[in-house]
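> please work out how this folds:
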Amino acid sequence: MRLDRLLANSGLGTRSRVRDKINHGGVTVNGTVITDAAFHVTEDDSILIDGHEINCKTHLYYLLDKPDGVLTAMEDKRLPCVADYIPSELKSKKLSPVGRLDYHTSGLLLITNDGELSHRLQSPRYEVPKTYLATFSGQDWTENEINTIVSGFTIRDKGYSEQIAPAALEMTDPSDDGLSRALLTLHEGKTHEVRRIFAHFNKEVAALRRIELAGVKVSRELDSCGRFRPLTDDELRLLFDATGMSGN
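Below you'll find the model as predicted:
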């Protein structure tokens with residue numbers, strides 16, 4: 001692909017703007033200054049603009065530690081949304097969230113333009129594990145209740161029967177304000193599923209945070225909320241392994 005086209009497709013400006021940068025010696029490819037806009041490059045080349053490396057990959061993969069009170073949407077005129085945390089130079093890359101976190105759920109949210117990976121991560125077929133840290137009020141979980149969670153059960157909170165797939169639950173340290181906390185790992189993604197499970201057993205979720213998805217993790221605490229960063233190679237490998245895309 002032409003160098004100017006690759007740079008323009010990467011959201012670095014119009015074709016004329018990147019040509020001007022190339023013509024003035026501001027672009028290097030694999031350590032060599034390139035002044036020919038038609039120079040052939042690939043996505044695997046190391047390309048720097050003014051000494052800063054850029055990502056020219058077609059598929060981009062990011063992690064947002066979504067704060068509470070942020071809508072999982074790329075546009076909203078009334079409420080804060082995840083698009084507010086995406087740098088302006090990436091706005092043209094057709095990024096979108098993988099699934100959704102509720103407005104009042106914080107934590108790990110993947111952002112990508114890889115439609116196939118997004119589809120597989122959300123598909124029940126691949127049973128991708130997702131772990132949530134729930135801060136709740138009510139009695140601690142009994143052994144019988146935990147066994148019911150592990151076995152799977154039927155819920156009828158919407159006026160009809162709905163099967164909740166087997167999950168894993170374990171108690172953890174209480175929160176600073178004295179409320180109980182538990183880790184719940186699901187392999188499906190029903191709407192409001194965590195809160196519905198807790199309510200089924202007469203427990204009320206006060207705060208909810210997703211801390212892990214397919215082995216990719218964020219802190220249990222809120223210190224990294226709002227952080228937007230690229231996924232590491234190791235994290236990508238975990239996602240590809242979990243969805244059968246390792247050989248792609």
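> so what's the residue nearest to the spatial centre of the chain up against?
By C-alpha atoms, centre = their mean, the chain has its centre lying nearest to residue 110, at 1.3 Å. When contacts are counted by C-beta atoms under 8 Å, 6 or more residues apart in numbering, residue 110 touches 61-64, 97-99, 118, 121, 213, 216, 231, 239. In this view, the C-beta of every residue, glycine as well, is placed from N, C-alpha and C.
> after the strand or helix carrying it, which helix or strand is next?
Assigned by DSSP states H and E, residue 110 belongs to strand 105-112. Per DSSP H and E, the first helix or strand lying C-terminal to strand 105-112 is helix 115-122.
> by contact count, what packs against that following helix?
strand 105-112, helix 233-242 (3 or more C-beta pairs under 8 Å, 6 or more residues apart in numbering; DSSP states H and E).
> dump those to CSV, plus distance to residue 152 and mean pLDDT.
Shown next, in CSV, are the helices and strands packed on helix 115-122 (distance: least, C-beta to C-beta, whole Å; pLDDT from 0 to 100):
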stretch, distance to residue 152, mean pLDDT
strand 105-112, 22, 98
helix 233-242, 21, 95
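> low-confidence ranges, this protein, go.
Residue ranges of the chain with pLDDT under 70: 9-11, 55, 247-248.
> what's the longest strand in this structure?
strand 204-213 (DSSP state E).
> dump it to PDB, restricted to CA.
Taking only C-alpha atoms (Å, rounded to 0.1, in the frame of the first residue of the first chain), the coordinates of strand 204-213 have been written out as PDB:
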ATOM      1  CA  GLU A 204     -28.900  -6.100  46.600                       C
ATOM      2  CA  VAL A 205     -25.900  -5.100  44.500                       C
ATOM      3  CA  ALA A 206     -24.600  -1.700  45.600                       C
ATOM      4  CA  ALA A 207     -21.700  -1.500  43.200                       C
ATOM      5  CA  LEU A 208     -20.600  -3.700  40.300                       C
ATOM      6  CA  ARG A 209     -17.200  -3.900  38.500                       C
ATOM      7  CA  ARG A 210     -16.100  -6.300  35.800                       C
ATOM      8  CA  ILE A 211     -12.500  -7.200  36.600                       C
ATOM      9  CA  GLU A 212     -11.700 -10.000  34.100                       C
ATOM     10  CA  LEU A 213     -12.600 -11.200  30.600                       C
END
